[in-house]
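*Asks:* Would you be able to build a 3D model of this:
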Amino acid sequence: MIDTILTILGTLIFLPWVMQLISTPWQKTTWHRQLLLVALTFELIAVLHVPLVMYIGLGILLLSFCIYLIKERPKLRFTPFFVTALLYLVWYAVSLLWSADLHKGVLFLSDNGLVLVSISAITCFVQLKKDEYIQILQQFCYAACVFVVLCLLSWVISSYEIHIALWDWPVLEKTLVGRTQSYTWLFRFLGGIDGYIHPSYNLLPVFIAMPIAAWLKKETNKYRFVWYFLWINGLLLTLLAQSRMGIIYTAIIFVCNTIYVLSSHKMKIFAASGFLIIGVIFGVLSKNFWEDYGADQTRNLLQQYTLRYIHAKPLTGAGAGALNPIEICHTIHEDFWPRVGYISPEMRVADWKPKTRMLPHNQWMADWAHAGIIAALIALALYVCIAMQCNAMKNYWGGVFLLIFTIFSLLEPPLYIGKGLYVFCLLSSLIYIAPNKEILSKIEGP
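*Replies:* Coordinates of the predicted model:
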């Protein structure tokens, strides 16, 4: 019953979008553009919810985009992000030639490659105005605030249900709470105890909303308390969920946002120097704790297996859809996979269940093992394209987003996971379709 109630309350994440939809003054001449903006906002907020909503939102977004193209007939301008995404799709299609599982290869092309190309195609036709840009980011930050509140509500209710005092909740400990992982209680509003409860992917959009909120505060002189609210509660959720990556993100965001909102260049230098000194001292004094807290034997073994596999097949990899424990174990002559168990030499690569990942916890290692060194280089080029665009546009929040996502990619293969892929595609596209400096200087904000 509690899971059902919390799941219903979870739809409140879309309350800012509903308010935007109601308050939008629809115009006969620009309704197709307004529809695209509403769909883009919905899809961006959807990354805070369960994957099913993201998939539905993508369909709505692409339909709105097609209507926009028909009505607006904008000029085509190829962007580096779209071209690289297209190369990513094409190369994985080529790798089907040596894949031992064509069915899963085609599934990967549709679920990952086509999504990447489809969303990045928006950057070739759309350029936002400042008021449109701010409105989309504003609604996303408000939705992130609702997400945080729902997490805290789930925590309080769950603590009462399992009879544990709030102050007795384990923090920075790898322990179970109520015979299950601590983060399952925090994300019960995303489908209940057995819903979508992955802490890293659930909290990732919240961390990205923090630098966006800081940018909104400085750019518009509004929403001044949003990033403080998100950061304080994001840190609390990180501790409650016992998220190791979250601790890194909150520290980086606090330093970056604090320096960014300062108005004096001299004060920024002093602040950066101070943070550097404090960080070095704290890192040295707590080195043993973080080494122990960050230890992960499964992750290390996965990386060792993958490196051996890459050494065996550096140019071709497994081929699209064929990268799985059976393929890797057969190639490197092992018969055990962590959290899976015995891998029989008689098992076929195609016997591995679809949608069961078990990939190395590193994006570029995963791509290299999946389709060879060319796939890894193309994946790296995707990140480089976004970095170059952020630098050209002086996009603060985009730079912090890319920094966080890059760190995340060293520890996870986010482009292989639904939420990670959609977050990357949507935020990267927003970086590209943001108003350029000339437009920012000419158009007044709301």
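*Asks:* switch to C-alpha atoms for all contacts and neighbour counts from now on
*Replies:* Will do.
*Asks:* which SS state does the residue of the chain most remote from its centre fall under?
*Replies:* Seen from the C-alpha centroid of the chain, the residue lying at the greatest distance (C-alpha atoms, centre = their mean) is Glu346, 37.3 Å away. Under DSSP: H, G, I helix; E, B strand; the rest coil, the three-state class of Glu346 is coil.
*Asks:* Can you tell me how far it is from Cys329?
*Replies:* The gap separating Glu346 from Cys329 is 11 Å, by C-alpha to C-alpha, to the nearest Å.
*Asks:* in this structure, which ranges drop under the pLDDT threshold?
*Replies:* Low-confidence regions of the chain, defined by pLDDT under 70, span residues 222-223, 285-295, 354-358, 437-446.
*Asks:* Count the neighbours of the closest residue to Trp155 other than its chain neighbours for me.
*Replies:* Excluding the flanking residues, the one nearest Trp155 by C-alpha to C-alpha, 6 or more residues apart in numbering is Leu186, at 5.1 Å. When neighbours are counted by other C-alpha atoms under 10 Å, Leu186 registers 27.
*Asks:* Ala241 is in contact with Leu186, correct?
*Replies:* Yes - if you go by C-alpha atoms under 8 Å, Leu186 and Ala241 touch, sitting 7.4 Å apart.
*Asks:* okay, and the common contacts of the two?
*Replies:* With C-alpha atoms under 8 Å, 6 or more residues apart in numbering applied, the contact sets of Leu186 and Ala241 do not overlap.
*Asks:* what sits against the residue nearest to Leu415 when sequence neighbours are not counted?
*Replies:* Closest residue to Leu415 apart from its sequence neighbours, by C-alpha to C-alpha, 6+ apart: Leu421 at 4.3 Å. With contacts defined as C-alpha under 8 Å, 6+ apart, Leu421 is in contact with 112, 116, 414-415.
*Asks:* Show me the two of the residues you listed that sit farthest apart.
*Replies:* Largest separation among the contacts of Leu421 by C-alpha to C-alpha: Leu116 and Pro414, giving 12.5 Å.
*Asks:* got the CA coordinates for stretch 345-354 in CSV?
*Replies:* Below are the C-alpha coordinates for stretch 345-354, written out as CSV (Å, rounded to 0.1, in the frame of the first residue of the first chain):
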residue,chain,number,x,y,z
PRO,A,345,32.7,-23.8,-22.4
GLU,A,346,29.7,-25.3,-24.2
MET,A,347,27.6,-22.1,-23.8
ARG,A,348,27.0,-20.1,-27.0
VAL,A,349,27.4,-16.3,-27.1
ALA,A,350,23.8,-16.0,-28.2
ASP,A,351,22.6,-17.8,-25.0
TRP,A,352,23.2,-14.7,-22.9
LYS,A,353,19.8,-13.0,-22.1
PRO,A,354,19.0,-9.7,-23.9
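*Asks:* hmm, back to that, most neighbours among the contacts of Leu421, which one?
*Replies:* Leu116 (25 neighbours).
*Asks:* Assign a three-state SS to that one, would you?
*Replies:* The three-state assignment at Leu116 reads helix, by three-state DSSP.
*Asks:* what sits against it?
*Replies:* By C-alpha under 8 Å, 6+ apart, the contact set of Leu116 is 85, 421, 425.
*Asks:* so which of these comes closest to Gln139?
*Replies:* For the contacts of Leu116, the nearest to Gln139 is Cys425 (18.1 Å; C-alpha to C-alpha).
*Asks:* Check which residues of stretch 224-240 are buried.
*Replies:* Neighbour-count burial for stretch 224-240 flags 226-228, 230-231, 233-240 (criterion: 16 or more other C-alpha atoms under 10 Å).
*Asks:* Mind telling me the two of those residues farthest from one another?
*Replies:* Val226 and Leu240 (20.9 Å).
*Asks:* Give me the spatial nearest neighbour of Gly246, chain neighbours excluded.
*Replies:* Thr238 (5.4 Å).
*Asks:* Secondary structure element holding the one you found?
*Replies:* Here Thr238 sits within helix 226-241, counting by DSSP states H and E.
*Asks:* which strands and helices sit next to that helix?
*Replies:* helix 130-161, helix 182-186, helix 199-220, helix 244-261 (3 or more C-alpha pairs under 8 Å, 6 or more residues apart in numbering; DSSP states H and E).
*Asks:* List the buried residues for the first one?
*Replies:* Within helix 130-161, the residues that qualify as buried by neighbour count (16+ other C-alpha under 10 Å) are 130, 132-148, 150-156, 158-159.
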